[in-house]
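# Sequence and predicted structure below; questions after.
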Amino acid sequence: MRAFTYERAASPVQAAAAAAANPDAKFIAGGTNLLDLMKLEIETPTHLIDVNGLGLDTIEATSEGGLRVGALVRNTDLAADERVRRNYGVLSRAILAGASGQLRNRATTAGNLLQRTRCPYFYDTAQPCNKRQPGSGCSAIGGFSRQLGIVGTSEACIATNPSDMAVGLRVLDATVETMKPDATTRRIAIAEFHRLPGDTPHIETVLERGEFITAVTLPSPVGGKHLYRKVRDRASYAFALVSVAAVIQQDGTGRVAIGGVAHKPWRVEAAEAELPRGAKAASERLLDGAKPSHENAFKVTLVERTLGSVLEEARS
Amino acid sequence: MKFDKPETTNPIDQLKIVGQAVNRVDGPLKVTGAATYAYEWHDPDARLAYGYPVGSTIAKGRIATMDLSQARAAPGVVTIVTAKEAGQLGKGSLNTATLLGGPVIEHYHQAIAVVVAETFEQARAAAALVHVTYEEAEGKFDLSAEKDGLGPTDSDVKVGEFETAFAEAAVRLDETYTTPDQSHAMMEPHASLAAWDGDKLTIWTSSQMIAWSVGDVAKTLKIPPANVRVISPYIGGGFGSKLFVRSDTILAALGSRAAGRPVKIALPRPFLMNNTTHRPATIQRIRIGAGRDGRITAIAHEGWSGNLPDGDPENAVDQTKLLYAGANRLTGNRLATLDLPEGNAMRAPGEAPGLMALEIAMDEMAEKLGLDPIEFRVINDTQVDPGNPNRPFSHRQLVECLRIGAERFGWSARNARPGTARDGRWLKGIGVAAGFRNNLTTKSGARVRLDGRGVVTVETDMTDIGTGSYTIIAQTAAEMMGLPIERISVRLGDSAFPVSAGSGGQWGANSATAGVYAACVKLREIVAQRLGFNSTDAVFADSEVRSGDRRALLAHAASNGEITVEDAIEFGDLKKTHQQSTFATHFVEVAVDAATAETRVRRMLSVCAAGRILNPKTARSQVIGAMTMGVGGALMEELAVDKRRGFFVNHDLAGYEVPVHADIPHQEVIFLDEIDPMSSPMKAKGVGELGLCGVGAAVANAVYNATGIRVRNYPITLDKLITQLPSAA
Ligand SMILES: Cc1cc2nc3c(=O)[nH]c(=O)nc-3n(C[C@H](O)[C@H](O)[C@H](O)COP(=O)(O)OP(=O)(O)OC[C@H]3O[C@@H](n4cnc5c(N)ncnc54)[C@H](O)[C@@H]3O)c2cc1C
Ligand code: SF4
């Protein structure tokens, strides 16, 4: 870990301005991802802006009938909120499928959205990795890639986004609200928020320098059955090999988003039209153009079978 | 005390305290944080400095350049030691790779420097500023690629005519199984604090074997063993990775010498996998031939593994010499030279991976013969060493383990046809495997002191790696001296104490308590003498010594001063005339998700026949921990080898998965009531490794029973099942 300076931000706009002023600054929320990465010098900020004192830790109803979730609402509180559990069960389930109780007590909504990949080569600073060190190459391609992405990958990076919460937000069409250093705000659809790796895997979201997340909003409830199925090698405390977030209506229509397969929560609206025809048809559309490695080709089958199982559960 | 005749009756047989489920005597210290682990030693008056290791980032080659200037100039840096500064070092007799590499690099993350600074954070930050360039050499990292070049060796063990008997057998199995490299992944990382006083070195560390540490520290640093003191009273898990001196100790000693101050080092978690040792991967070919009656006529087990030059093979074939009958046998190890980190002992080395393969093979063979897997094992039980029928087992109750386990687990409810038991979306299956581990014994000493308050203090360099050594040693001394356990004070893990068996190979409990027994026998004689009793008929009970009508307080024997005696147990030739082993059966029920192929264990039972159980509570903890480790080995544990760059990629606890609580819903352990008078005066054996041996295969056989899919390559992850599962709804 490199030495760094530290300040507590007094307001979102001040936080944004402070971050804009120093290209090596980072916000710190729960710190559950950032600090681990700093210890290994994968992240090397010279300045930390602590945003924990800003409030932004409440969940409020919006005039559109949805919810506005403050950026600093802890994962535990978000998953336990009665309105979330009642109307956005898929989100609650997704969050509870992730990490551990202690971590969720600390982890925040914004921090969770911005957690970085778990590609093992990203974690070893001695190994080439385009995401950690642009232009150095990708060790995972041709290497140990069992956990990594199968769709939307690039020649530069095949990493996945490890967040469970983000898959839940994607299927609910959430919106990320931000504030820029000049105090302007913007609303970013979750579909647009995370980027595919392309040639620049180190740029993971559309956030601009200094741009600060203030909240995530959920549109009004869509009804249906809310399911989240996380498939992993052990029963708990592991990242997903594949996960399926689904909201399925009584007539068999619905939406699905997939985790563990791409650089962002993977949702293909066109595939959802196939849902009433079953998992095979839907997953073929979902994974159209997939380029799995020898080690993670099983994920193609796993997506289809997991989706099938989720659809069956939705019907029962 | 020499132990060379089967034991008759002795005071341990009273079982007032030994054999009872006594709570851990060190429990309160541990749960209150008062037990001092290696990294927690802290002397506020010492000007303590912190070390941080630098590891090689290539697997094989040479250091071309090493630039320390930036690191030296970093805030707080006291000194930096590389091979150059360290001068000529020796190599520990139990180490394969050197602990401070350079200029030659033998494996990834081999330590090449230690940075010492005022604070841990400064040392860590400065370590990242050491700039190294390398001349990389081509290495070998792929066991399967080396396998074909490695055939039979002179050390193969042959009994009868295997090839002929196998060719003639009515029913034959010839299959190959693989087990991956595994990491010990214990909770407490390797850690040491080193302090020099002139030419004398004291090391507070986390070591399973104190005397081995003293010897190899001395050898590495080229100093007399008498100048080395090693202190390691509490150990947060080791599983074999702390049998040997590792880089934390040597770097702390070198850093401290250079800094002229005590230096403390803990290996960072990512170093665990590539800097220290691991259980090597194996490829195992097993051939079994049997008559239609189910009797094995021919059995061969060959194991391939790899290690650094001069390293040892993983002896996965050893149990196959002894576990089942059969007149014609062949076992042998083939060792490839690989440039991966050093392979070495991990809990039940040899037997753990060996039984993972052999006990699947037995399941497969039973099926070929149309026999129940339990009956097949019973038919092939042997009460003598099959390679030397004049040599009986001292005590062997494998059949009893099978029968009792079958009864208790509900084996008869198992659906013999695989893939036919269903519970909602889950496919259910039950599996069984035998467990086997030899009973090793080794010389073990202890010192006991009786003081005027009637307190007995036991001192031995035995270690407690979370196993319960403190408790069973206190129980032994209490039983022998007729004292309540509260009157016994046990001090362990210090090279100032008599050399013990140490903790490894499941030899610790039996050997170390036998050493304490020997010392207590001597103490009883002196006490009896002092109090005017005839030592042969004196009874030690209720803090008194009695004979006929006479009685005296034990404490009175020391009223004129403490009595101190020392003795050791030394084992004679009983092992030559009698094969001593421990036996178990493992029963496992799994459920496999019919859609995703995720395997989850539902319940487990182990039945163990392992001599006298000194403390059923601590023994049970050992066995359930081992069963948990077996589930890890069966379903998830694997060090992923990058065959291009030669290292284990998943080098942290997020990437290297071991079971969590949710993976282990229900475990039961049964110990058969057994004593083995051939093993020691304690009539006990070990259980700490036995509990692991065979578990993986029981899981694998249960998965087969659930799905009809035979996976022969561990771990049994869902990708190995999913394409063969029937299509989901
Ligand atoms: C052992 C372990 C297991 C885990 N398992 C899972 C799992 O199974 N599933 C899962 O989904 N997650 C898992 N996680 C990840 C966990 O969910 C994240 O660490 C957590 O959500 C991050 O939140 P935080 O508030 O601590 O973020 P921080 O670490 O504080 O920050 C993360 C990033 O977000 C930025 N940031 C924070 N707040 C803002 C803001 N308001 N605006 C702009 N940028 C901001 C920071 O600058 C930083 O770059 C695991 C983590 C660990 C350590
Ligand atoms: S997949 Fe991405 S994160 Fe992983 S090594 Fe390649 S570039 Fe780095």
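Ah, there it is. Ligands and ions are numbered 1, 2, ... in the order given.
# Let me see the contact set for residue B:668.
Contact analysis of residue B:668 by Cβ atoms under 8 Å, 6 or more residues apart in numbering or on different chains lists B:408, B:603, B:604, B:605, B:606. Bear in mind the C-beta positions are built from the backbone N, C-alpha and C, glycine included.
# Mind doing that once more with 7 Å?
Residues in contact with residue B:668 (Cβ atoms under 7 Å, 6 or more residues apart in numbering or on different chains) are residue B:605.
# what lines up beside the one helix or strand it maps to in the sheet?
Using DSSP states H and E, residue B:668 falls within strand B:667-671. Strands adjacent to strand B:667-671 in the sheet, as given by DSSP bridges, are strand B:599-609 (parallel).
# Which residues does the partner strand contact?
If you take Cβ under 7 Å, 6+ apart as the criterion, strand B:599-609 is touched by A:235, B:397, B:400-401, B:404-405, B:408-409, B:582-592, B:623, B:627, B:631, B:635, B:663-672, B:674, B:687, B:690-691, B:699, B:703, B:716.
# Past that strand, which element shows up next along the chain?
As assigned by DSSP H and E, the chain's next helix or strand after strand B:599-609 is helix B:616-635.
# Can you name every helix or strand that that following helix contacts?
strand B:599-609, strand B:667-671, helix B:695-707 (3 or more Cβ pairs under 7 Å, 6 or more residues apart in numbering or on different chains; DSSP states H and E).
# quick one: is the last one near chain A?
No. Helix B:695-707 lies out of reach of chain A by Cβ under 7 Å from any Cβ of the partner chain, never closer than 13.2 Å.
# Let's see the PyMOL selection covering just the buried ones among the contacts of strand B:599-609.
If you want just the buried ones from the contacts of strand B:599-609 in PyMOL, going by 16 or more other Cβ atoms under 10 Å in any protein chain shown, the selection is:
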select buried, (chain A and resi 235) or (chain B and resi 397+401+404+405+409+582+583+584+585+586+587+588+589+590+591+592+623+627+631+635+663+664+667+668+669+670+671+672+674+687+690+691+699+703+716)
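# Need the CA coordinates for stretch B:35-46. PDB is fine.
What follows is stretch B:35-46, C-alpha atoms only, in PDB (Å, rounded to 0.1, in the frame of the first residue of the first chain):
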ATOM      1  CA  ALA B  35      -3.100 -17.000  23.900                       C
ATOM      2  CA  THR B  36      -0.100 -15.400  22.200                       C
ATOM      3  CA  TYR B  37       0.400 -16.400  18.600                       C
ATOM      4  CA  ALA B  38       3.600 -15.900  16.700                       C
ATOM      5  CA  TYR B  39       2.800 -12.500  15.300                       C
ATOM      6  CA  GLU B  40       1.400 -11.200  18.600                       C
ATOM      7  CA  TRP B  41       4.600 -11.400  20.600                       C
ATOM      8  CA  HIS B  42       5.400  -7.900  21.500                       C
ATOM      9  CA  ASP B  43       8.000  -6.400  23.900                       C
ATOM     10  CA  PRO B  44       7.400  -2.700  24.200                       C
ATOM     11  CA  ASP B  45      10.900  -2.200  25.300                       C
ATOM     12  CA  ALA B  46      12.500  -3.900  22.300                       C
END
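# Report the distance from that stretch to the chain centre.
On the basis of Cα atoms, centre = their mean, to the nearest Å, stretch B:35-46 sits 27 Å off its chain's mean C-alpha point.
# buried sites along it?
Applying 16+ other Cβ under 10 Å to stretch B:35-46 flags B:35, B:37, B:38, B:39, B:41 as buried.
# Please render these as TSV that adds pLDDT, distance to ligand 1 and secondary structure to the earlier fields.
Putting the buried residues of stretch B:35-46 into TSV (pLDDT from 0 to 100; distance: Cβ to the nearest ligand atom, whole Å; DSSP: H, G, I helix; E, B strand; the rest coil) gives the following:
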residue	pLDDT	distance to ligand 1	secondary structure
B:35	96	26	coil
B:37	97	22	coil
B:38	96	24	helix
B:39	96	21	helix
B:41	92	28	coil
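# Show me what the longest helix along chain B is packed against.
Scanning chain B for the longest helix, with DSSP state H as the assignment, gives helix B:508-531. Other elements packing on helix B:508-531 under the criterion 3+ Cβ pairs under 7 Å, 6+ apart are strand B:444-450, helix B:469-481, strand B:544-547, strand B:563-571.
# Next, count neighbours for residue B:2.
As a burial measure, residue B:2 scores 10 neighbours (other Cβ atoms under 10 Å in any protein chain shown).
# After the lowest-mean-pLDDT helix or strand in chain A, which helix or strand is next?
When each helix and strand of chain A is scored by mean pLDDT, DSSP states H and E, helix A:269-272 comes last, with a mean of 95. Per DSSP H and E, the first helix or strand lying C-terminal to helix A:269-272 is helix A:279-286.
# And the contacts of that next one?
Under the criterion Cβ under 7 Å, 6+ apart, residues A:258, A:266, A:268, A:270, A:271, A:274, A:275, A:303, A:304, A:307, A:308, A:311 lie in contact with helix A:279-286.
# filter those to the buried ones?
A:258, A:266, A:268, A:271, A:274, A:275, A:303, A:304, A:307, A:308, A:311.
# Residues of the stretch 51-200 of chain A that sit close to chain B?
Going by Cβ under 7 Å from any Cβ, the residues of the stretch 51-200 of chain A near chain B are A:118, A:120, A:121, A:123, A:126, A:143, A:144.
# try 10 Å this time
Contact residues, the stretch 51-200 of chain A versus chain B (Cβ under 10 Å from any Cβ of the partner chain): A:100, A:118-121, A:123-128, A:139-140, A:142-147, A:162.
# residues contacting residue 97?
This is for chain A. A:79, A:164-165, A:167-168, A:228-230, A:232, A:236, A:238, A:240, A:243, A:245, A:259 (Cβ atoms under 10 Å, 6 or more residues apart in numbering or on different chains).
# Chain B was what I was after
Residues counted as contacts of residue B:97 (Cβ under 10 Å, 6+ apart) are B:91, B:104-107, B:110-111, B:247, B:275, B:277, B:307-311, B:339, B:341-342.
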